[in-house]
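In: I would like to see how this sequence folds:
(chains A and B)
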Amino acid sequence: MVPAYLISAEVYAALFALMAMGLTLTYMTTKVPNFAYGDMVLLGVYSSYATVKIYHSDPYVGSAVGFVVAGLVSMAMYLIVLRPLARRGASIVSLMIATFGVDIGFAGIFGIYTDYLTNAYVFNDAKEFYTLGPDFSIAGYPGIDFAAPVAVAAVVLIIYLLLTRTKFGVAMRASIENPPLAKVLGINVDMVYTSSWFLAGGLAGFAGAFLTLDLPLLSVNTGNDLIVGIFAASVLGGLTSIFGSAVGGLIIGGSELLMTIWLGSGFGYGGTIFIAVILFLSGVYSVRRKTRQSKVVGAILAALGLWVIADIAAGLPVDFLAPELVNGFGSAIINPFQVGIPLVIMAVALLIVPQGVFSVNFRRLLGLEK
Amino acid sequence: MAFDLVSFAADFTSFYALYLAISLSLNLEFGYAGIPNFGKVLFIAGGAAFAGSITGRVAAWALGVSKGDYITNNFAIMGQVNQLLLGDPLLTIALVVLGLAIAGLIGGIFGYVMSYPAIHLREDYLGLLLLGMAQFFQIVLNTYTPLVGATQSILTPNPFYYFATLNVNDLVDVVYAVAMGAFALLVWVYVERTVRSPLGRVLRAVRDNDDASSALGKDTVKMRRNALIVASAIGGMAGAMFTFQVAFVGASTWTRFAWTFWPFLIVIIGGVANNKGVALGAFFFVLILKGLEQVQPYIAPYVFNTNVNFIQDLLFAGLLLAILYLRPDGILRERSTQTLPRQELDKIMGTEEEASAKKS
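Out: The predicted model follows:
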């Protein structure tokens, strides 16, 4: 029997790969980090919810619905919001603020929609619900354990074939590499971008619907909770490579769950001490560097590490390590590690390998090449 | 319920002043220095959480209140502290000053730490990192009990408690408005003086052309870092002011919608890098926000009895996109620097009439 946490890490990693691939597609076309991407995932989550609860259908049908709905919404977002702004020569920061605005708009839309579900269908769990079912099962394992990795493999294969074997894929690559030249060659760049946004939103919605089979608790905040990890995965992949982001997604999704579990419950206090020591050592390393700023930042990090160690030594309960904190209202709070880990990976990746993991010359790293 | 004009006006003013101060600090870093701080809430919440948590402990220690653990028995301890503070106005003022100092310091430290990656990163990557950090800090607040009691929230010393005990109608609201207004005025004067000074012109130069200004001998890294530190410190202090007003601090208050998006909205509506525009934008923003609160009972039945906050979210999103599309520079666009008031210049240079008289 494979340990349960390994399986959930595998599913989580696969779903992250799907989401990161979509986000990267939007970044490659418009060069804007899409802050509203979490809402595309949430569209998938609620497509699945509506399919299961209202039409009593299968969550896997919901994933198809989620693909189409989120794809169309994402496309609409590109056509209505981003393209007109970009055509007016808006800066990247303006476009980022615009996607931020769309994110807020979606918060309103989901709020009203869940209120509608509560009022019209008397679903009391519309704002916060547990894993949906029924899922089929193979050899005692839930179907999602197989469906998620298969879906990732299929999507990677399809995108690979699309990009290399079809005229559309070649046009897409050309439009991303050099839009003016692609236009000169008669490629409809707008159409290519629009369909990229459809595909990107579709992947998010698809993954979102799968999440309803995997996560223990989903809510209108699920998109917000995931967005940091998705960005981290995309950054790790270099933000400009679809397959890189798939790998980044696997790394982030996997490490997020595994490290949370290992550090949180597996080692108990050992995990905290580990983190504290790492903080302290990186602080000391930073202090020894030349610039004054790295000295100060290092001192702060080292102090933070000492503080955590002192906390443990004083016998204080280190609450943030409790694996599943549940507050009085019955909603599970995400362990801070779970967002902290991808965040740390993202920060390190941004500072050390801003071009993504694939920009690292591994042959050189291993000494095979001078 | 009768409409209480005084209470509404006071509430409006204190809210306006709070958001004016925050937006001005955002304008300093985003408008003038060109750092898109998508993690504004991190600095505000940091200042508020530390100020609220530490002043409460200091007050309990200074007044000799000991009822066990500060967090678990927070309500009992703070209840007694606030009663004792009634007879000790000097300590109350000292606590407020201490809280503001802590908040400024924490905001500044956070700004300093965050400026470390900020200097090295492009604006889009930086936005991602700041947003992520803010999200992370929110989760820390939600789970790390000693700071603000995790989800439980803690009470802080209430410096306005004395006015509430006087039993005069709306008095406490008016006092809030005066206090917030004074704070916002100070921030206004500071930011306005800074951006009009030679430093302000250097900040704009660094924003507009990094290479050219460094070629002219300006330390661009230092300029941007200092702008982020100062703006974050002001943000932290604004957070502390808000904490003292509501007299409690918890994790759930600090959403990135209310403390990052709204300030951005205000700056975009009013005009990037134009403080007068920001003042105007904040006014329109608060007008919509408070107006919606007033009409809430009348519109809710038509939209699935939903919370008015959701309608407000939609409205603000639409407003932001409309402004970005129709008037990307905001209501008032950026103006070239006015160095000195006209009269001062006239005094130094002589008026135009005098000049033309001299010519002829």
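
In: which of the residues in the lengthiest helix in chain B are buried?
Out: Assignment by DSSP state H gives helix B:89-120 as the longest helix of chain B. For helix B:89-120, the buried set under the neighbour-count rule, 16 or more other Cβ atoms under 10 Å in any protein chain shown, comprises B:91-92, B:95-96, B:98-100, B:102-118. To be clear about C-beta, it is placed using only N, CA and C from the backbone, and glycine gets the same treatment.

In: same check, this time on stretch B:274-285
Out: In stretch B:274-285, counting by 16+ other Cβ under 10 Å, buried: B:274-275, B:277-283, B:285.

In: Sitting in helices, which of those do you find?
Out: Per DSSP H, helices hold the following members of these: B:275, B:277-283, B:285.

In: For these, give me JSON lines that also has distance to A:Val184.
Out: Converted to JSON lines, those look like this (distance: Cβ to Cβ, whole Å):
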{"residue": "B:Asn275", "distance to A:Val184": "46"}
{"residue": "B:Gly277", "distance to A:Val184": "41"}
{"residue": "B:Val278", "distance to A:Val184": "44"}
{"residue": "B:Ala279", "distance to A:Val184": "48"}
{"residue": "B:Leu280", "distance to A:Val184": "45"}
{"residue": "B:Gly281", "distance to A:Val184": "42"}
{"residue": "B:Ala282", "distance to A:Val184": "47"}
{"residue": "B:Phe283", "distance to A:Val184": "49"}
{"residue": "B:Phe285", "distance to A:Val184": "45"}
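
In: Can you add pLDDT and give those residues back as JSON lines?
Out: Listed next are those as JSON lines, based on pLDDT from 0 to 100:
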{"residue": "B:Asn275", "pLDDT": "91"}
{"residue": "B:Gly277", "pLDDT": "92"}
{"residue": "B:Val278", "pLDDT": "94"}
{"residue": "B:Ala279", "pLDDT": "94"}
{"residue": "B:Leu280", "pLDDT": "94"}
{"residue": "B:Gly281", "pLDDT": "93"}
{"residue": "B:Ala282", "pLDDT": "95"}
{"residue": "B:Phe283", "pLDDT": "94"}
{"residue": "B:Phe285", "pLDDT": "93"}
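
In: Just the strands from the stretch 51-200 of chain B, written as ranges.
Out: Per DSSP state E, counting those that start in this stretch, the stretch 51-200 of chain B carries strands over the ranges B:154-155.

In: ditto for chain A
Out: Assigned strands in chain A, in chain order: A:128-130, A:137-138, A:141-142, A:217-219 (criterion: DSSP state E).

In: ok, residues contacting the second one?
Out: This means strand A:137-138. Residues from elsewhere that reach strand A:137-138, judged by Cβ atoms under 8 Å, 6 or more residues apart in numbering or on different chains: A:143, A:145-146.

In: rerun at 6 Å
Out: Strand A:137-138 is contacted by residues A:143, A:146 when judged by Cβ atoms under 6 Å, 6 or more residues apart in numbering or on different chains.

In: and stretch A:176-191, what's its mean pLDDT?
Out: Summarised as a single mean, pLDDT over stretch A:176-191 is 89.

In: Stretch A:6-19 too?
Out: 88.

In: what does that stretch contact?
Out: Under Cβ under 6 Å, 6+ apart, the answer for stretch A:6-19 is A:144-145, A:148-149, A:152, A:203-204, A:207, A:210, A:214, A:230, A:233, A:246, A:249-250, A:252-254, A:257-258.

In: can you check stretch B:176-193 too?
Out: B:10, B:13-14, B:17-18, B:20-21, B:24, B:28, B:234, B:241, B:245, B:275.

In: try it again with 7 Å
Out: With Cβ atoms under 7 Å, 6 or more residues apart in numbering or on different chains as the test, stretch B:176-193 has contacts from B:10, B:13-14, B:17-18, B:20-21, B:24-25, B:28, B:160, B:234, B:241, B:245, B:275.

In: Can you tell me which residues in the stretch 1-150 of chain B are near chain A?
Out: B:36, B:109, B:112-113, B:116-117, B:120-121, B:123-125, B:127-129, B:132-133, B:135-136, B:139-140, B:142-145, B:150 (Cβ under 7 Å from any Cβ of the partner chain).

In: Just the buried subset of those residues, written out for PyMOL, thanks.
Out: Buried residues within these, by 16+ other Cβ under 10 Å, are selected in PyMOL with:
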select buried, chain B and resi 36+109+112+113+116+117+121+123+124+125+127+128+129+132+133+135+136+139+140+142+143+144+145+150
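
In: Among the residues of the stretch 1-150 of chain B next to chain A, name the ones in helices.
Out: Those of those lying in helices (DSSP H): B:109, B:112-113, B:116-117, B:120, B:123-125, B:127-129, B:132-133, B:135-136, B:139-140, B:142-143, B:145.

In: who are the neighbours in contact with the one residue in the stretch 151-300 of chain A that gets nearest to chain B?
Out: Of all residues in the stretch 151-300 of chain A, A:Val228 sits closest to chain B, at 4.3 Å by Cβ to the nearest Cβ. Counting by Cβ under 7 Å, 6+ apart, A:Val228 makes contact with A:339, A:342-343, B:132, B:135.

In: Give me the spatial nearest neighbour of it, chain neighbours excluded.
Out: Leaving aside its chain neighbours, A:Val228 sits nearest to B:Gly132 (4.3 Å; criterion: Cβ to Cβ, 6 or more residues apart in numbering or on different chains).

In: Give me the below-cutoff pLDDT ranges for chain A.
Out: A:1, A:260-272, A:274-275, A:311-339, A:354, A:359-370 (pLDDT under 70).

In: what residue is smack in the middle of it?
Out: With distances taken as Cα atoms, centre = their mean, A:Ile230 lies nearest the centre of chain A, 2.0 Å away.

In: Against chain B, how distant is A:Gly71?
Out: As defined by Cβ to the nearest Cβ, to the nearest Å, A:Gly71 lies at a distance of 21 Å from chain B.

In: count of neighbours near the closest residue to that residue other than its chain neighbours?
Out: Nearest non-adjacent residue to A:Gly71, counting by Cβ to Cβ, 6+ apart: A:Gly202, 3.4 Å away. Counted with other Cβ atoms under 10 Å in any protein chain shown, residues neighbouring A:Gly202 total 26.

In: is it true that A:Gly202 touches A:Val69?
Out: No - using Cβ atoms under 7 Å, A:Gly202 is not in contact with A:Val69; the gap is 8.9 Å.

In: what ranges of the stretch 251-360 of chain B fall below the confidence cut-off?
Out: B:304, B:337-340, B:351-352, B:355, B:358-360.

In: If we use 90, what do you get?
Out: B:251-257, B:271-274, B:291-313, B:326-360 (pLDDT under 90).

In: Let me see the ranges of the helices in it.
Out: B:256, B:262-270, B:275-299, B:308-326, B:342-349, B:352-359 (DSSP state H, counting those that start in this stretch).

In: and among the ones you listed, the most buried is which?
Out: Among these, helix B:262-270 has the highest mean neighbour count (mean count of other Cβ atoms under 10 Å in any protein chain shown), at a mean of 27.

In: who touches A:Ala20 in this structure?
Out: Contacts of A:Ala20 by Cβ under 7 Å, 6+ apart are A:230, A:233-234, A:237, A:245-246, A:248-249.
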